[in-house]
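S.K.: With the input below, show me the fold.
(chains A and B)
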Amino acid sequence: MKYIDEFQDPELARRLLDEISSTVTRPWALMEVCGGQTHTIIRHGIDQLLPEQVELIHGPGCPVCVTPLEVIDKALAIASRPDVIFCSFGDMLRVPGTGRDLFRVRSEGGDVRVVYSPLDALKIARQNPDREVVFFGIGFETTAPPNAMTVHQARRLGIRNFSLLVSHVRVPPAIEAIMRSPDCRVQAFLAAGHVCSVMGVGEYPALAERFGVPIVVTGFEPLDILEGVRRTVAQLERGEHRVDNAYPRAVRPEGNPAALAMLEDVFEVTDRAWRGIGVIPASGWRLSARYRDYDAEHRFCVTGIDTCEPAQCRSGEVLQGLLKPHQCEAFGTTCTPRTPLGATMVSSEGACAAYYLYRRLDIDKSAALEASPVG
Amino acid sequence: MCLAVPGRVLEIEERDGTRMATVDFGGVVKEACLEYLPDLQVGEYAIVHVGFALQKLDEESARQTLELFAQLGMLQEEFGDPWEMAAEAGGLPLPGADETSQEARP
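M.R.: Residues are numbered from 1 along each chain as shown, chains lettered A, B, ... in the order given. Okay, the predicted model is just below:
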């Protein structure tokens, strides 16, 4: 079996694959929700190791990819202001806005800084009391609690020159939107392990019941993915649709109560636009009224921005599992990591980037080699 | 960004009323906030995401995951210089002197 020797425990991987093969009797389509899982799957060729009847569909779980263009453009506008220090995680640097990105803003003299933690941005605010420090708060349920804590700390410590540009998104409403789509082929979900580390599994039983889909909480390592697939296929073959935690070493059913309490305090649920997908009801968080002073959108005038999505980019279909990256005409030709049309090609968790990086090209090889950053 | 990395707590201290720790991620040492895992003790492991410990982890799982992440180059992706990585991916020159990332790095 190709690639299997690269597994941490090749013998266990083989046993899991054998069990999946002996269980499966007909075709099943499973969606892995998280972009980190997508990268593990492509990096290890797990989709190619699985029996043909088991198809893995890549889901919308890359926070960088689903951040709407309008929010990216707002970030670029704020980051260009001379009075602002704009702080972001590193994976937002090359996400294309309308015509440019944060990397370009920095090249043009904007004070864009990369931080490892939102608390680093708060530290920068304390060190620069005469500047406005804005942190780009994007991400799913795993990233929202750190950002919530940072705003909470800013208020507690009386730091006034700090604000958050918020674009947080939530997984369960996205699962619901995917299942409601008339084109949906998904029959089961591998749920994102670290999201569940925070949120627990409480939101999933209702979804599993309503849509008749197994939801298996799954980790990020190759063997985690295989175990998640094994449990999912077993349920599907038995006609079951339960929530199952295959990642108990990092996920307690109740999640992290302290983080949940902080989310409840700092954020409130709101409708949120997902890049390439559109508005999903109740699928995001914004700062609650008592923290409104820390909302960068309120602090800076960034309305009236004209956004322009590249017509060629089909990342919305990729994010909904309707299209594999290499099935997009622009993939690997006009859209490469050097010249990305959409965030799915630049994010470290983007499906297009994963296909490109791990040579799942299915395009003209010479053009691909010429365009590839990895030679 | 969704990647959470297991780390071992080396030291704990209160700072500005917040419980903070020094955490070892397979050789890379960084700070992490313990407010979401208030019971975490020196010597214990947790998965840490963007500088926040989110869930306790047993030692063996943590070691195995760290070893795997190191083999796959994922620790470099998580803790390397983001400006350099972005410049390399885009085939672009580094944008100016980068005193800021330095500031955020240990």
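
S.K.: Only C-alpha atoms from now on, for both contacts and neighbour counts.
M.R.: OK.

S.K.: didn't A:Val186 look like it was pressed against A:Met179?
M.R.: Yes - when contacts are counted by Cα atoms under 8 Å, A:Val186 is listed as touching A:Met179 (7.2 Å).

S.K.: and the closest residue to B:Val9 other than its chain neighbours, helix, strand or coil?
M.R.: Nearest residue to B:Val9 in three dimensions, chain neighbours excluded: B:Val23, at 4.5 Å (Cα to Cα, 6 or more residues apart in numbering or on different chains). Using DSSP: H, G, I helix; E, B strand; the rest coil, the structure places B:Val23 in strand.

S.K.: Which residues of chain B lie near chain A?
M.R.: For chain B, the contact set with chain A under Cα under 8 Å from any Cα of the partner chain comprises B:1-4, B:35-37, B:47, B:49-52, B:54-58, B:61, B:65, B:68, B:79, B:82-83, B:86, B:88-91, B:94-96, B:100-101, B:104-105.

S.K.: For A:Cys34, give its distance to B:Ala21.
M.R.: According to Cα to Cα, to the nearest Å, A:Cys34 stands 28 Å off from B:Ala21.

S.K.: With neighbour numbers in mind, choose between the two.
M.R.: A:Cys34 (29 against 25; other Cα atoms under 10 Å in any protein chain shown).

S.K.: Check the nearest residue to the more buried one once chain neighbours are set aside and give its pLDDT.
M.R.: Closest residue to A:Cys34 apart from its sequence neighbours, by Cα to Cα, 6+ apart: A:Gly61 at 4.1 Å. A:Gly61 carries a pLDDT value of 88.

S.K.: before we move on, the earlier item: which among the residues of chain B next to chain A end up buried?
M.R.: Neighbour counting with 16 or more other Cα atoms under 10 Å in any protein chain shown marks B:1-4, B:35-37, B:47, B:49-52, B:54-57, B:65, B:68, B:82-83, B:86, B:88-90, B:94-95, B:101, B:104-105 as buried within these.

S.K.: Now go through those and say which are in helices.
M.R.: B:Thr65, B:Leu68, B:Pro82, B:Trp83, B:Ala86, B:Glu88, B:Ala89, B:Gly90, B:Ser101, B:Ala104 (DSSP state H).

S.K.: Would you convert these into TSV that also reports pLDDT?
M.R.: Converted to TSV, these look like this (pLDDT from 0 to 100):
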residue	pLDDT
B:Thr65	84
B:Leu68	78
B:Pro82	84
B:Trp83	87
B:Ala86	85
B:Glu88	85
B:Ala89	82
B:Gly90	83
B:Ser101	46
B:Ala104	45
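
S.K.: returning to that earlier point: how near is the residue nearest to A:Cys34 to B:Met85?
M.R.: 22 Å.

S.K.: was I right about the residue nearest to A:Cys34 contacting A:Met31?
M.R.: No - with contact defined as Cα under 8 Å, A:Gly61 does not reach A:Met31; the gap is 10.3 Å.

S.K.: Those two - which one has more neighbours?
M.R.: A:Gly61 (29 against 24).

S.K.: thinking again about what came up before, so what sits opposite the residue nearest to B:Val9 in the bridge?
M.R.: B:Val23 has these beta-bridge partners by DSSP bridges: B:Val9, B:Lys30.

S.K.: since we're on it, how many residues are nearby?
M.R.: Using other Cα under 10 Å, B:Val23 is surrounded by 28 other residues.

S.K.: pLDDT at it, what is it?
M.R.: pLDDT, B:Val23: 96.

S.K.: Could I get the contacting residues of it?
M.R.: B:Gly7, B:Arg8, B:Val9, B:Leu10, B:Glu11, B:Val29, B:Lys30, B:Glu31, B:Ala32 (Cα atoms under 8 Å, 6 or more residues apart in numbering or on different chains).

S.K.: now what about whichever strand or helix holds A:Glu317, what contacts it?
M.R.: When secondary structure is defined by DSSP states H and E, A:Glu317 falls within helix A:315-319. Defining contact as Cα under 8 Å, 6+ apart, one finds that helix A:315-319 is touched by A:58-61, A:275-277, A:323-325, A:342-344, A:351.

S.K.: contacting residues for the nearest residue to A:Cys308 once chain neighbours are set aside?
M.R.: Spatially, and ignoring its direct neighbours in sequence, A:Cys308 is nearest to A:Thr98 (5.6 Å; Cα to Cα, 6+ apart). A:Thr98 makes contacts with A:Leu69, A:Asp73, A:Thr307, A:Cys308, A:Glu309, as judged by Cα under 8 Å, 6+ apart.

S.K.: Buried only: go through the residues you listed for me.
M.R.: Neighbour-count burial (16+ other Cα under 10 Å) applied to those gives A:Leu69, A:Asp73, A:Thr307, A:Glu309.

S.K.: Buried ones in the helix or strand hosting the second one, by neighbour count?
M.R.: When elements are defined using DSSP H and E, A:Asp73 is found to belong to helix A:69-79. Neighbour-count burial for helix A:69-79, counted by 16+ other Cα under 10 Å, picks out A:Leu69, A:Glu70, A:Val71, A:Ile72, A:Asp73, A:Lys74, A:Ala75, A:Leu76, A:Ala77, A:Ile78, A:Ala79.

S.K.: And stretch A:48-57, by the same measure?
M.R.: A:Gln48, A:Leu49, A:Leu50, A:Pro51, A:Val54, A:Glu55, A:Leu56, A:Ile57.

S.K.: So A:Val169 versus A:Asp73, what's the distance?
M.R.: Distance from A:Val169 to A:Asp73, counting by Cα to Cα: 18 Å.

S.K.: show me what contacts the nearest residue to B:Thr65 once chain neighbours are set aside?
M.R.: Leaving aside its sequence neighbours, B:Thr65 sits nearest to B:Pro6 (Cα to Cα, 6+ apart; 7.2 Å). With contact set as Cα under 8 Å, 6+ apart, B:Pro6 has these partners: B:Phe25, B:Tyr45, B:Ala46, B:Ile47, B:Val48, B:Leu57, B:Ala62, B:Arg63, B:Thr65, B:Leu66.

S.K.: Tell me, what's the model's pLDDT at B:Pro6?
M.R.: 92.

S.K.: Tell me the secondary structure of it, please.
M.R.: Put simply, B:Pro6 is strand when judged by three-state DSSP.

S.K.: cool, A:Thr303 as well?
M.R.: Strictly by three-state DSSP, A:Thr303 counts as coil.

S.K.: quick one: contacts for A:Met215?
M.R.: In this structure residue A:215 is Ile, not Met. Neighbours of A:Ile215 in contact, by Cα under 8 Å, 6+ apart: A:Ala188, A:Phe189, A:Leu190, A:Ala191, A:Tyr204, A:Ala208, A:Thr232, A:His241, A:Arg242, A:Val243, A:Asp244.

S.K.: got it, and A:Asp91?
M.R.: Residues near A:Asp91 by Cα under 8 Å, 6+ apart: A:Val64, A:Ser347, A:Ser348, B:Met1, B:Pro82.
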